[in-house]
Each structure stands twice: as C-alpha cells, then as structure tokens.
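Novice: predicted coordinates and the sequence they were generated for:
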Amino acid sequence: MIGSERSDSWRRAFQVELRAEAIGLAFRGWPVLPGTYPAGAQWAGRQDFEATGPVPVHDDWQARIGTRSDQVATWWAGQPYSLLLATGAGYDAIEVDVELGRRAAGVLRSVGVPVPIIATPDSKWLFLTTSNRALDAELAESGVVLRGAGEWITLPPSPASHGVVHWRVKPEVCGWQIPASRVVQDALLDALGLPTYDRLATQLVTAD
C-alpha cells in the first residue's frame, strides 16, 4: 500500500513538472513530443514499449511537430510521459561521451560561447544546435553522433531506467540562444586535437 502511494506520488510530481516544461518549450517554438516512460520492467505509454529508451507515444509524431502550446498541454494531462524533442525541425543534437563532452564544454567556455547541454543517465552528453548541417567526417569517425531529421532526443526532466535526464547547461544560461552546428563541431574538433574550420565563430542564432 505504501509502495503504491509512493508510486502515485512520483507519477503526479513528474506529470506536473514535465507538463509545465513541455508547455514552456512549445511556447518558445521547440518541437516537443510526448514519449514513453519507465514503469517497472516495461516502458509505459505504448504496447510496443522500447527497453532501450523512450519513443514517441503517437505513431504520427512527425505530423504533430509544431503543435501549439495549448494543444501540447493536453498530451500530458493523463500520464507522466517523457519529454522528447524532434530533431531536424530547427534543432539538432550532437551526442558525445562524457569525457569528450567535458573537454568540448571547456573549449566553448574559454571563448565565451555557452551552449545548452543535456546529460543522460547512460553517460551521454548532447549539445543542442541549429539544424541543417552535416556532421564532420572526422567527428563521425571519433564516435560523435548527430541527431537530426527523423529522430528525437529525450529532454529534461524525463525519468530514465536508472536516473533522470538533466541539464548540464540550461537554455536560460545561453539566453535561449542556440548556436550554429559548426560552432559546436569546431569545439569538438579542438577538444580532439583536430583542425577546425571556423575557429569557433561566435555568431549565434536566436531561437524563435
């Protein structure tokens, strides 16, 4: 009984927090979507749950990109769905391991360019950037992954199987400005000791 009450309390708390975050991001134009969430040994929200992480709840999720914030609010009215960001729709994410992420973040700090960074419980860091730039071949060979068109990432404060997705650098710290992909890619190349192209050009693109 006590365990059930705690589970219900957890569900309600996350539902409120996730819903508020989803509404706020949708209001700023972020293409957010509801995703499955961990419930015991399964991922609740869809019958074909994914043990590897959250997936969009709606099969037609790509058609829902750009939904207004008032409609987005209804998606979290009943369940503590994970908060997903559709990539390739104005925003991409560059995924790296923790060690490289820390080095690249240090490079960006040294030139005064804050970038929103997400950390996951499975030791991945994701740097948010604007869309429409391919990943440098040398970065791809070094294990860096670009999350772009037709994909999604999990946003804070979504729960995961072994923790909670959280911000290493919140968007507020960057004034809600999202850097061009080239800026982050140059920082990663620099962190790897490889030649860069634009030398961390500081021109930022403000999110609508």
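Specialist: Looks like it came in fine.
Novice: checking F127 next. Helix, strand or coil?
Specialist: With DSSP: H, G, I helix; E, B strand; the rest coil as the basis, the three-state label of F127 is strand.
Novice: meant to ask about H58, not that
Specialist: Per three-state DSSP, H58 ends up coil.
Novice: again with V16
Specialist: Classified using three-state DSSP, V16 is helix.
Novice: strands along this protein, start to end?
Specialist: Taking DSSP state E as the test, the strands found in the chain are 32-35, 37-39, 42-44, 82-87, 91-97, 117-119, 124-130, 145-147, 151-155, 159-160, 163-164, 166-169, 177-179, 204-206.
Novice: of these, which is nearest W75?
Specialist: strand 32-35 (4.5 Å; Cβ to Cβ). All C-beta atoms are positioned from the backbone trio N, CA, C, and that covers glycine.
Novice: now do D92 against Y37, distance only.
Specialist: Using Cβ to Cβ, to the nearest Å, one gets 24 Å for the distance from D92 to Y37.
Novice: any stretches of the protein with poor pLDDT?
Specialist: Scanning the chain for pLDDT under 70 picks out the ranges 1-11, 39-52, 198-208.
Novice: just give the nearest non-adjacent residue to the residue nearest the centre of the chain, would you?
Specialist: Geometric centre of the chain, nearest residue: L155, 4.0 Å, by Cα atoms, centre = their mean. Closest residue to L155 apart from its sequence neighbours, by Cβ to Cβ, 6 or more residues apart in numbering: L83 at 4.4 Å.
Novice: alright, that wraps it up for me.
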